[in-house]
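**Q** pasting the sequence and the predicted model now:
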Amino acid sequence: MTTIVVTGIGATSPIGGTTRDSWSALLAGASGARPIEEEWIEKYEIPVTFAAQALVRPEEVLERQEVKRLDPSSQFALIAAREAWADAGSPEVAPERILVDYATGIGGLWTLLDAWDTLREKGPRRVLPMTIPMLMPNAAAAAISMHLGARAGARSVVSACASGTESIANAYEHLQLGLADVVVAGGTEAVVHPLPIAAFASMQALSKRNDDPAAASRPYDVDRDGFVLGEGAAALVLETKEHALARGARIYAELAGGSVTSDSYHITAPDPEGSGAARAVIAALEQAGATADDVTHINAHATSTPVGDVAEFEALKRVFGDRVGEIPVSATKASTGHLLGGTGALEAIFTILALHERTAPPTINLDNQDERIPLDVVTSPRALGDGPQLAISNSFGFGGHNSVVAFRSYDD
């Protein structure tokens, strides 16, 4: 098997406008959850009045024409991809050897619903001609591919909250098959909008801590009551180790393996026994040529929902057995909120940086750990040690989608 490595990372998140700012804020225990300062909260009597909105707005970074022609989800994606590409040294690669595999859970929701409002209020002639290109789920992948001149492919994954992780798992396969020399993978989401918030609240998925947003996302805590909706994007530049070394690239970590499975259980609820999720972890480790005993760190999906956190623990217990309580676990959604289709890519970057800097990031807001989830949860930055490290990042989504990626530390 060919060794695949990470040479560039980029992100715009609720806790930072760049990867480094996001990582620094994460280590400092920041929370991206804040009250939503929009008139529609009161107008529509939205029951949840806060979210983890991107800290730096796209219009502060992009050109005016880019903002006008891209849905917010694609705006975030382009910002993250540009940072990742620059971070990788802006590789000089033939366009036919650059591939984009980029994900979203929902796509251009703002564009779709704004266009519907325009149609109802002003008629069909006022609907913008760019509406369809802006709302389609592949718009982010298309925007990135056009910016980079990527002609090996522009693929899109749409598998709910597993989307970003699945795109990275796909990138591993693309490179193993020799379909490209460089792949840009990741995920984005921008749905802090009254309709999704009302819908998620209706299904009892969101935390309702309107009086204390910063403490609302509480993975593993006995008082957890749902996730915090987040927005933003992340992107990774991936290539073979041989290609990276030939051009003198800096290497953050090895992408050792990835996997995708499905529960076939329920449209929203996870399999309470965690069998599908466990198979995903095992498959990723097998692809990495590793065993459960090799894992030294876990970035958990850990949305802070009463049922989901327990189901993920059951999955991890199936894989790691009695050792499950000895592996340092970070639940970073406590800080960033849940970016849906973008969350797996952002958490993959946090996992990569944990290995690169030998530091597991903290999980905030854990005051009273649920005794049904006896994990070793990292609550302040923790050193991972000097030896070889292997970490996994888990993502699970509505529809029973499971995706896991495994990263290995890299030493020159």
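**A** Yep, it's here. Residues are numbered from 1 along each chain as shown.
**Q** please, where are all the helices along the stretch 151-300 of the chain?
**A** Taking DSSP state H, counting those that start in this stretch to define them, one finds helices in the stretch 151-300 of the chain at 163-176, 194-202, 241-246, 275-287.
**Q** so of these, which one's packed in deepest?
**A** Stretch with highest mean neighbour count among those: helix 163-176 (a mean of 27; mean count of other C-beta atoms under 10 Å). In this view, the C-beta of every residue, glycine as well, is placed from N, C-alpha and C.
**Q** before we move on, back to that, need the helices of the stretch 151-300 of the chain in CSV (columns: distance to G230 and mean pLDDT).
**A** Formatted as CSV, these follow (distance: least, C-beta to C-beta, whole Å; pLDDT from 0 to 100):
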stretch, distance to G230, mean pLDDT
helix 163-176, 12, 98
helix 194-202, 12, 98
helix 241-246, 31, 98
helix 275-287, 21, 97
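**Q** I'd say A284 and G258 touch.
**A** Yes: if you go by C-beta atoms under 8 Å, A284 and G258 touch, sitting 5.7 Å apart.
**Q** re earlier: closest to H338 out of the helices of the stretch 151-300 of the chain?
**A** helix 194-202 (9.5 Å; C-beta to C-beta).
**Q** for the closest one, packing partners?
**A** Judged by 3 or more C-beta pairs under 8 Å, 6 or more residues apart in numbering; DSSP states H and E, the packing partners of helix 194-202 are helix 109-122.
**Q** residues in contact with the helix it packs on?
**A** With contact meaning C-beta atoms under 8 Å, 6 or more residues apart in numbering, helix 109-122 is reached by 71-73, 126-128, 131, 134-135, 190-191, 193, 195-196.
**Q** can you redo these as TSV with distance to L109?
**A** Formatted as TSV, the contacts of helix 109-122 follow (distance: C-beta to C-beta, whole Å):
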residue	distance to L109
D71	8
P72	9
S73	7
R126	20
V127	16
L128	15
T131	12
M134	11
L135	8
A190	7
V191	5
H193	6
L195	8
P196	7
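**Q** pull out the buried residues from those residues.
**A** D71, P72, S73, T131, M134, L135, A190, V191, H193, P196 (16 or more other C-beta atoms under 10 Å).
**Q** need the max-distance pair from these.
**A** Once C-beta to C-beta is applied, the buried ones among the contacts of helix 109-122 give T131 and P196 as the farthest pair, at 18.8 Å.
**Q** can you say which of the helices of the stretch 151-300 of the chain is nearest to A215?
**A** Going by C-beta to C-beta, the one of the helices of the stretch 151-300 of the chain nearest A215 is helix 194-202, 18.0 Å.
**Q** stretch 316-329: end-to-end distance?
**A** The first residue of stretch 316-329 is 11 Å away from its last residue (C-alpha to C-alpha, to the nearest Å).
**Q** let's have the chain start at 41 instead
**A** Right, with 41 as the first residue, what we last looked at is stretch 356-369.
**Q** what mean pLDDT does it have?
**A** The pLDDT scores in stretch 356-369 average 97.
**Q** next, the buried residues of it.
**A** L356, K357, R358, V359, F360, V364, G365, I367, P368, V369.
**Q** pick the one among the residues you listed closest to E78.
**A** Nearest to E78, judged by C-beta to C-beta, of the buried residues of stretch 356-369 is V369 at 34.7 Å.
**Q** so which helix or strand takes in that closest one?
**A** Element membership of V369, judged by DSSP states H and E, is strand 368-370.
**Q** buried ones in the helix or strand following that strand?
**A** Sequence-wise, the next helix or strand downstream of strand 368-370 (DSSP H and E) is helix 373-376. Buried residues in helix 373-376, counted by 16+ other C-beta under 10 Å: K373, A374, S375, T376.
**Q** alpha carbons of the following helix or strand past helix 373-376, in PDB - could you do that?
**A** Sequence-wise, the next helix or strand downstream of helix 373-376 (DSSP H and E) is helix 383-396. Taking C-alpha atoms only, helix 383-396 is exported to PDB below (Å, rounded to 0.1, in the frame of the first residue of the first chain):
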ATOM      1  CA  THR A 383     -17.700  18.600  11.300                       C
ATOM      2  CA  GLY A 384     -15.700  15.500  10.300                       C
ATOM      3  CA  ALA A 385     -13.200  17.500   8.300                       C
ATOM      4  CA  LEU A 386     -12.600  20.000  11.200                       C
ATOM      5  CA  GLU A 387     -12.200  17.200  13.700                       C
ATOM      6  CA  ALA A 388      -9.800  15.400  11.400                       C
ATOM      7  CA  ILE A 389      -7.700  18.600  11.400                       C
ATOM      8  CA  PHE A 390      -7.800  18.600  15.200                       C
ATOM      9  CA  THR A 391      -6.800  15.000  15.300                       C
ATOM     10  CA  ILE A 392      -3.900  15.700  12.900                       C
ATOM     11  CA  LEU A 393      -2.700  18.600  15.000                       C
ATOM     12  CA  ALA A 394      -3.000  16.500  18.200                       C
ATOM     13  CA  LEU A 395      -0.500  14.000  16.600                       C
ATOM     14  CA  HIS A 396       1.700  16.700  15.100                       C
END
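**Q** give me the sheet partners of whichever helix or strand comes after helix 383-396 and which way each runs.
**A** Scanning forward in sequence from helix 383-396 by DSSP H and E, the next helix or strand is strand 399-400. Partners of strand 399-400 in the sheet, by DSSP bridges, are strand 422-423 (antiparallel).
**Q** walk me through the domains of the chain.
**A** Under the assignment automatic domain parsing, the domains of the chain span 44-286, 297-449.
**Q** coming back round to it: distance from the chain centre to the strand holding V369, please.
**A** Centre-to-centre, strand 368-370 and its host chain are 17 Å apart (C-alpha atoms, centre = their mean, to the nearest Å).
**Q** what does it rub up against?
**A** 336-340, 342, 390, 394, 400-403, 415-418, 422, 424.
**Q** at 10 Å instead, please
**A** 66, 259-260, 335-340, 342, 352-353, 356, 387, 390-391, 394, 399-403, 413, 415-419, 421-424, 431, 433-434 (C-beta atoms under 10 Å, 6 or more residues apart in numbering).
**Q** ChimeraX command to pick out the buried ones of those?
**A** Of these, the buried ones can be selected in ChimeraX as follows, counting by 16+ other C-beta under 10 Å:
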select :66,259,260,335,336,337,338,339,340,342,352,353,356,387,390,391,394,399,400,401,402,403,413,415,417,418,419,421,422,424,431,433,434
